[in-house]
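*Asks:* next comes the sequence, and after it the predicted model I'd like to discuss.
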Amino acid sequence: MRLARMGLGAMIGALALGTTALATTAMAEPRYTDEGRAPFLRFLDAPGADEPMRRPPTLHLSFGGQDYRAVMDTGSTGVVVSASLIPNVDRLPVVAPGQLTYTSSGRIMRGDWVVTPLTISGAGGTSITTRPMPVLAVRQIDCFENARDCQATDDPRHVVMLGIGFAREGDRQSQSTPDKNPFLSLPDMGEMNKPGRLRRGYVVTREGVHVGLTRANTGGEFRFVKLARADDGSDWAAIPGCMSVGGGEPACGTALIDTGVSDMYLTVPPDREAGFVTQGDHGRTLVPGTKVSVTFSARPSNDAPGYLFTAGMGSDPLAPSRIILVGRKDRPPFVNTSVHILNGFDYLYDADEGYAGFRRLGR
């Protein structure tokens, strides 16, 4: 099978033979109406129809003046911008001192949570404007002792991140609560337990993102995973996930759909990774040719959404650039999928009812 000569749609169709079955789960599924307007923001760097997505997507962000290019990151929660880029930042209301940590890179952003509306736009000019909401005005960057990609500075000038994820408070991001998510803060959206006219949530595709959930943008063969409530009830818990390396027994824990990185980060028990790991410049990585499977479920299941790929296979659009092994021996199993998952699925998050959804691409 000459995958290298196929278009992306054909490659995904061929990969369907190797993916986990996408049968409907026994749980109830959400229902969506045509209430509200859900704009579609096309990514500034959306790949061509026959090209795989290999890097984090970007959108424009502004505070009523200049547009700044921002990474749209489902792996964090919160709009994080250099203080010097926010007009009249010292005159804005301050909620509290702020801090947000990006564990994949080892960067610690420090500053103040200031309150301001913001406008987010895509290619073609379609835009949304939020209600006044907390934004982290970054005044200092610190680094982990063994940070993978970090340079400390007391005068950051080029930080522009658009964090739209959920369940991130437990990963050194205690301040990343749902009120910091711009895609849950449109004027006609409600709050947790107080629905508004437009359902809070989004659908991320390879081309762009639908902000808000309606019958039109949630159509097709979505398969849903019901999320548990977070312990304090203010957010939803992480997506459950089971991961297998080299065809071995799956290890089950949590999964993070992370459009902000191109590498996969994986934690499985030491005995499940034995014989499949090599040491390199980027730490411990999986040996090319290793089979990896990811299933979005709390226990091994052939009925849950999931996928299978081979590490290091460049012709496979689902295969990340690298699979980096992270965590201590006692850390629960975990996978950060990287942005490559968008080559196989459209991804839905429902913040009102607590669902993650996966709509497989191709045949």
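*Replies:* Done, it's in.

*Asks:* and Pro240, what does it touch?
*Replies:* Residues near Pro240 by C-beta atoms under 8 Å, 6 or more residues apart in numbering: 225, 252-255, 296-298. The way it works is simple: take the backbone N, C-alpha and C, and place the C-beta from them, glycine included.

*Asks:* for those residues, pick the one with the most neighbours.
*Replies:* For the contacts of Pro240, the largest number of neighbours (other C-beta atoms under 10 Å) sits with Phe296, at 27 neighbours.

*Asks:* check contacts around it.
*Replies:* For Phe296, the contacting residues are 225, 239-241, 255, 304-306, 356, 358, by C-beta under 8 Å, 6+ apart.

*Asks:* same check, this time on Gly260
*Replies:* 56, 71-76, 102, 104, 161, 163, 339.

*Asks:* which of these sits closest to Thr267?
*Replies:* Ser104 (12.7 Å; C-beta to C-beta).

*Asks:* burial of the closest one, as a residue count?
*Replies:* Neighbours around Ser104, by other C-beta under 10 Å: 22.

*Asks:* in stretch 92-108, what counts as buried?
*Replies:* Residues 92, 95, 98-104, 106-108 are the ones in stretch 92-108 that count as buried (16 or more other C-beta atoms under 10 Å).

*Asks:* distance between the ends of it?
*Replies:* In terms of C-alpha to C-alpha, to the nearest Å, the two terminal residues of stretch 92-108 are separated by 23 Å.

*Asks:* which residues are in contact with it?
*Replies:* Contacts for stretch 92-108 (C-beta under 8 Å, 6+ apart): 75-76, 78, 80, 86, 109-116, 134, 136-137, 141-144, 146-150, 163, 171-173, 175-176, 258, 260-261, 263, 265, 336.

*Asks:* likewise stretch 32-46?
*Replies:* Against stretch 32-46 from outside (C-beta under 8 Å, 6+ apart): 55, 57-60, 69, 72, 120-124, 126-128, 188-189, 196-199, 206-218.

*Asks:* show me the protein divided up by domain.
*Replies:* 3-28+237-360, 41-200 (automatic domain parsing).

*Asks:* so can I have CSV of these showing mean pLDDT and distance to Asp231?
*Replies:* Below are those laid out as CSV (pLDDT from 0 to 100; distance: least, C-beta to C-beta, whole Å):
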stretch, mean pLDDT, distance to Asp231
domain 3-28+237-360, 84, 8
domain 41-200, 92, 9
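
*Asks:* okay, these in TSV with distance to Asp34 next?
*Replies:* Output for the domains of the chain, formatted as TSV (distance: least, C-beta to C-beta, whole Å):
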stretch	distance to Asp34
domain 3-28+237-360	16
domain 41-200	10
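
*Asks:* ok so, going back, just the buried ones from the contacts of stretch 92-108?
*Replies:* 75-76, 78, 80, 86, 109-114, 116, 134, 136-137, 141-143, 147-148, 150, 163, 171, 173, 175-176, 258, 260-261, 263, 265, 336.

*Asks:* just give me the neighbour total for the closest residue to Glu249 other than its chain neighbours.
*Replies:* The shortest distance from Glu249 to any residue other than its chain neighbours is 6.8 Å, reached at Arg272 (C-beta to C-beta, 6 or more residues apart in numbering). Neighbours of Arg272 under the rule other C-beta under 10 Å: 17.

*Asks:* now Arg272. Its backbone dihedrals?
*Replies:* phi -80, psi -20 (degrees, to the nearest 10).

*Asks:* from Pro333, how far out is it?
*Replies:* The gap separating Arg272 from Pro333 is 8 Å, by C-beta to C-beta, to the nearest Å.
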